[in-house]
Structures are given as C-alpha cells and as structure tokens.
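1. below are the sequence and a predicted model; questions follow.
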Amino acid sequence: MLDIFSTLIAPPLVAVDVGTATTRLYASASDTLTEQPSTLSLRGAQTVDVADEYLRHTNRQLASRPLRGGVVVDVRNAVSLLRPLLRQARQRFLQPISLASAPSDTTPLERARLQEALLQAGAKKVYIIPEVLAAALGAGLDIEQGQAQLLVDIGDGVTDMAVLRHGRIVAATSIRLACSDLQRAVRSSLITLHRVRVSDSEAERLTHCLKALLPEDDGGETLQLEALDIGARRQRLCQVSRRDLALAMEPLLTRITATISAGVRRLPDEMRREIAAAPLCLTGGGALISGMDGLIAAGTGLQVRVADDPLHAVINGAIHTLRSRHGDKQWWDHIDWPTFSA
Ligand SMILES: Nc1ncnc2c1ncn2[C@@H]1O[C@H](COP(=O)(O)OP(=O)(O)OP(=O)(O)O)[C@@H](O)[C@H]1O
Ligand SMILES: [Mg+2]
C-alpha cells in the first residue's frame, strides 16, 4: 500500500544529455526519448523570402546556440531550449528530477550554469555526472572490472577522455575541440580555395574526407558538390579535392590525438599496460566520421573500437544510471567528480 502511495507521489525521473549539437531527454514516466538540435532559430518569417541566394543561405544559419565546447554559455536561451522538453516529462504536475551530464573538465561554475538552466526550465532537482562515465556505461563497458579501460567521446564541441577502473574514473582529460571544429576547418578551406560556402549537413558530410589522411587512402579523387558562390551569390557546382579538405582538418586531428597520447603518458606504467591490452572505446558523433578510428589508432598507437551506437552512448548510460542507482541515496549525494588533468 505504502509502495503504491509512494509511486503516486514520487516525482518523475529524466535523464538528459544537453550536448553542443543535440539535446536528448529520456522521460521515465512515458519511457520515451526525445532528441532535438541544441539551437533556437532566430529566423523571423519576414527574412525567409529574400531574392538573394546568399542572404537566404545566411538567414537559414541564424540561430542561437546556448552551448559552446560542451558547456552552457547562455543560460537564458538554454532554458528556452529545455523548458518544452521538461514540460513534456512532467507527470501529474510533478516536476521531474533530472540526471544530466557534463564534460570531465567542467568547472563548478560551468556545472552550476547547467544546473540553473535545468531548474529554471522546470526540473525539481538536478544531479550531474561526468559525461564520460555515462558514455562508458552506454557503450556497454564493464567499468566495475579491475583492469583499466580507456574511453574517448568526440562530440560536437568537446573531446573527453577517461580511464575507468573499479567503477570509477581514475583519470580524465579533455579538449574543447571536436566535430564542429572539423566542420569549421572544412568550411574555411572551401572559402579560401574555392570561394564557396556549404550547408551544415554538407560540411558534416565533408568531414568524412578525413580518411584521406590514412596511408591506405590515396586521397586523390575529387568530389563534386553544389555550393554557394560568395562572389556570384548563387549556387554552383564545384570540384573539391578530398586531400585538401583532409589537410585542412589534419592540425585539429593532431591536437585530439596528442591530447589522448598525453593523457595516456601521464598514467602509471601498470595502468598504461592495462589500457593497451583492450581497445580504446570511441563514442560521440566523431566516432561516426569515416577513418576516425584508424587515425586515432595511428596517432596514439592504441587499438580503437567504435561503440555500437556512439551518438546515444551518453544518454543510454544516463538512463542506465537512473535505473541502477534508483533509491541509492548515498550514491546520489556523493557523485564522484574526476580530478581533471590538462
Ligand atoms: N554520421 C556522421 N558523420 C559525421 N559527423 C557526424 C555524424 N553524425 C553526427 N555527426 C556530428 O557529430 C556531432 C554531434 O555529436 P554528438 O551528438 O556526440 O555531440 P553533442 O553531444 O551534441 O556535443 P558535445 O558532447 O561535444 O557537447 C555533430 O557535429 C554532427 O555533425
Ligand atoms: Mg555529447
């Protein structure tokens, strides 16, 4: 009887991954996952019908992005983004308790901004766990085992790496550089070499040229794409070299692999041997870029495997945490946050 009563008055639970590119929210009451871009369109109806193709293109890009580098930088717009999602997750007018995640290098102030955004958007209470811990659970790593394992999550704004052992993060390192930076490098190269601009989806597609840096890829072919000519201010067909695009992204990839290698070098010898024995697990949207696994393997000397559903690893791990830690008050009150090493 008491149990029925307590479920009736228990607030609903939500797991939320507020990512730089995509926000994903799982509501326990309805057992549903909602995903939406982490952007708020600033395009007014009157801006749609302009004759100039270039202005139409730039108007389509007008959007507010409340997150940068994996953290909330604009609380007001983050609240506008999150409020409709949290409203849906309410049950019998009870506000949800939220489990969110943040990159391992976030400062307490940055986590406080995420917490504030979720509270203002309608959460009753907010808990935050390290994103890499959620990613590891969502990728199916057995983090309780005594042998250290390495996970790298390459998202839109941040690349986060953690070594996990005995259920804990034992080392973490992070760099605020990820897929959006690769896309920016592609865009910038297209402007410099061809004087053209491309859409967001085209820039994402072109990041797959990264694999032209692999020794087995001759990188020789060109791609034909439709892009907006900056001078003529209209769409035109354009031939671009895969090699040129790959070279534009290479310095960023080198920084990512150097961050991983430096993180590994700082580990004690024994732990380094342990992580070398199992493949590094790659999650996040960056794991889906063709050749990313091979390039990280080449840059770090480690074996690499891509998680089964890399885009959903973080939210799946947060859902797993909600279910497995439900009722463990001690755990919720003492969420372990890694000591970050730069
Ligand atoms: N198939 C794909 N090929 C290339 N890039 C992809 C693919 N799918 C997603 N991406 C890119 O991955 C990024 C999104 O990844 P993810 O959802 O892990 O990021 P996020 O969680 O929003 O960001 P962050 O964790 O950095 O805050 C976007 O830049 C997107 O363009
Ligand atoms: Mg993410």
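-> Great, that's in hand. Ligands and ions are numbered 1, 2, ... in the order given.
2. measure Ile289 to His312 for me?
-> 17 Å (Cβ to Cβ, to the nearest Å). C-beta here means a position set from N, CA and C on the backbone, and glycine is covered the same way.
3. show me what from the stretch 51-200 of the chain comes close to ligand 2.
-> Gly155 (Cβ under 5 Å from the ion).
4. show me what contacts the residue of the stretch 51-200 of the chain found nearest ligand 2?
-> Residue nearest to ligand 2 within the stretch 51-200 of the chain: Gly155 (3.5 Å; Cβ to the ion). With contact set as Cβ atoms under 8 Å, 6 or more residues apart in numbering, Gly155 has these partners: Gly19, Thr20, Ala21, Gly70, Ala178, Cys179, Gly284, Gly285, Gly286.
5. what about the fifth one, how many residues nearby?
-> Taking other Cβ atoms under 10 Å as the criterion, the count of residues near Ala178 is 25.
6. now swap in the third one and tell me
-> Per other Cβ under 10 Å, the neighbour tally for Ala21 reads 21.
7. for the nearest residue to it once chain neighbours are set aside, phi and psi?
-> Excluding its sequence neighbours, the residue lying closest to Ala21 (Cβ to Cβ, 6 or more residues apart in numbering) is Asp156, at 3.5 Å. Main-chain torsions, Asp156, degrees, to the nearest 10: phi -90, psi -40.
8. ok, Asp156 to ligand 1 distance?
-> Between Asp156 and ligand 1 the distance is 4 Å, computed by Cβ to the nearest ligand atom, to the nearest Å.
9. hmm, that residue is touching Thr22, no?
-> Yes: using Cβ atoms under 8 Å, Asp156 makes contact with Thr22 at a distance of 7.5 Å.
10. which helix or strand contains Thr173?
-> In the assignment (DSSP states H and E), Thr173 maps to strand 168-175.
11. buried sites along that strand?
-> Within strand 168-175, the residues scored as buried using 16 or more other Cβ atoms under 10 Å are Ile169, Ala171, Ala172, Thr173, Ser174, Ile175.
12. residues contacting the last one?
-> It stands for Ile175. Val158, Thr159, Arg255, Ile256, Thr259.
13. bridged to it, which residues?
-> Thr159 (DSSP bridges).
14. quick one, strands of the stretch 151-300 of the chain?
-> Along the stretch 151-300 of the chain, counting by DSSP state E, counting those that start in this stretch, strands occupy 159-165, 168-175, 196-197, 222-229, 234-241, 280-283.
15. follow-up on the earlier one: ligand 1 next: which of the contacts of Gly155 are close?
-> Gly19, Thr20, Ala21, Gly70, Ala178, Cys179, Gly284, Gly285, Gly286 (Cβ under 6 Å from any ligand atom).
16. so which of the buried residues of strand 168-175 are also by ligand 1?
-> When contact is defined as Cβ under 6 Å from any ligand atom, these do not meet ligand 1 at all.
17. the more surrounded of Asp156 and Thr22?
-> Neighbours were counted for Asp156 and for Thr22 using other Cβ under 10 Å; Asp156 has more, 24 against 18.
18. so how far is Gly70 from the more buried one?
-> Distance, Asp156 to Gly70, using Cβ to Cβ: 8 Å.
19. hey, what's in contact with both of those two?
-> Between them, Asp156 and Gly70 share the contacting residues Gly19, Thr20, Ala178, judged by Cβ under 8 Å, 6+ apart.
20. and this structure, which residues reach ligand 1?
-> With Cβ under 6 Å from any ligand atom as the criterion, the chain comes near ligand 1 at residues 19-22, 70, 155-158, 178-180, 204, 207, 284-286, 288-289, 311.
21. got the domain ranges for this protein?
-> For the chain, automatic domain parsing gives the domain ranges 2-140+311-333, 179-248.
22. mean pLDDT lowest for which of those domains?
-> Among those, domain 2-140+311-333 carries the lowest mean pLDDT, at a mean of 89.
23. residue in the stretch 151-300 of the chain nearest to ligand 1?
-> Nearest residue of the stretch 151-300 of the chain to ligand 1: Gly285, at 1.9 Å (Cβ to the nearest ligand atom).
24. what is the neighbour count of the residue nearest to that residue when sequence neighbours are not counted?
-> Closest residue to Gly285 apart from its sequence neighbours, by Cβ to Cβ, 6+ apart: Cys179 at 5.2 Å. Look at Cys179: counted by other Cβ under 10 Å, it has 26 neighbours.
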